[in-house]
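Asker: only the shape, not the letters, is given here:
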């Protein structure tokens, strides 16, 4: 060991930017003599959701709220958040954080109603389906609604 110079490790760097992965796993490692590295990913074959798709989903939620057996005040409270979210989503350059903030209020209200009324349970389920459908469109703002 003395007097033998160890070979110098090459300098390495890796950069990933502008990547949006869904359902993927990335494994990284440092290259060396005995490194085995693998990468697997599951491509999301679902078409990207558009503003129009989001508006349609929010219209479905709005229709469900109107048809639910809730008090007028409960319906108004939900619609006071669904309508601005729908209006913002319909814009050419929507503010997804604003949509997410409004839907966060809808989600919180639905959670409360789910625990207190039978109609709220059904409406909560509908809301969750809508939120799951639009979560990819919301991107990081989806965390506001717990997705």
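Answerer: Alright, I've got the coordinates. Note that the coordinates shown come from a computational prediction; the quantities given were computed from them, not determined experimentally.

Asker: could you report the neighbour count for residue 52?
Answerer: 10 (other C-beta atoms under 10 Å). From N, CA and C alone the C-beta is placed, and that goes for glycine too.

Asker: and for residue 135?
Answerer: By the criterion of other C-beta under 10 Å, residue 135 has 18 neighbours.

Asker: go ahead and list the helix or strand containing residue 86.
Answerer: Using DSSP states H and E, the element containing residue 86 is helix 72-89.

Asker: repeat that for residue 107.
Answerer: Counting by DSSP H and E, the element that carries residue 107 is helix 96-116.

Asker: what angle separates whichever helix or strand comes after that helix from helix 96-116?
Answerer: Sequence-wise, the next helix or strand downstream of helix 96-116 (DSSP H and E) is helix 118-138. Here helix 118-138 runs at an angle of 160 degrees relative to helix 96-116 (axes from the mean of the first three to the mean of the last three C-alpha atoms, to 10 degrees).

Asker: residues contacting helix 118-138, please?
Answerer: Taking contacts as C-beta atoms under 8 Å, 6 or more residues apart in numbering, the residues outside helix 118-138 that touch it are 22, 46, 48-51, 53-54, 57-58, 60-61, 64-65, 68-70, 96, 99-100, 103, 106-107, 110-114, 142, 144-147.
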